[in-house]
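Asker: all I have is the shape, not the residue letters:
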């Protein structure tokens with residue numbers, strides 16, 4: 001809701017030469033559209049991360065968290081598929097281990 005301390009950081013890029021998302025539209029843009037349809041205000045949805053794989057997502061998320069260093073607490077909730085949980089957890093833990 002407006003004025004909340006929650007940020008939604010969407011990710012997922014597009015690259016027509018790759019097998020995973022061979023579209024011209026980034027995945028985060030699809031997520032943004034669904035969130036708008038669900039009533040999330042557009043001002044709470046910044047542009048997403050143009051990450052093409054989980055390593056990119058973890059490193060770009062780290063940069064975002066570091067940029068928020070003036071915020072007292074940054075909790076990050078990563079939403080992914082069940083298949084991808086172990087890999088995402090490991091990569092995000094490594095990328096964010098020294099971010100406080």
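Answerer: The structure has been received and is ready for your questions. As the structure is a prediction and not an experimental result, all values here were calculated from the model. Numbers count the residues shown, from 1 in each chain.
Asker: how near is residue 65 to residue 10?
Answerer: 15 Å (Cβ to Cβ, to the nearest Å). All C-beta spots, glycine's among them, are computed from the backbone N, C-alpha and C.
Asker: whoops, residue 22 was the one
Answerer: Taken as Cβ to Cβ, the span from residue 22 to residue 10 is 19 Å.
Asker: neighbour count winner among the two?
Answerer: residue 10 (20 against 10; other Cβ atoms under 10 Å).
Asker: and the pLDDT at the more buried one?
Answerer: At residue 10, the pLDDT value in this model is 89.
Asker: wait, what's in contact with it?
Answerer: 27, 28, 31, 32, 35, 45, 48, 49 (Cβ atoms under 8 Å, 6 or more residues apart in numbering).
Asker: dump the residues you listed into a markdown table; add pLDDT and distance to residue 61 as well.
Answerer: Shown next, in a markdown table, are the contacts of residue 10 (pLDDT from 0 to 100; distance: Cβ to Cβ, whole Å):
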| residue | pLDDT | distance to residue 61 |
| --- | --- | --- |
| 27 | 88 | 15 |
| 28 | 91 | 12 |
| 31 | 92 | 15 |
| 32 | 93 | 17 |
| 35 | 93 | 18 |
| 45 | 88 | 16 |
| 48 | 90 | 11 |
| 49 | 91 | 7 |
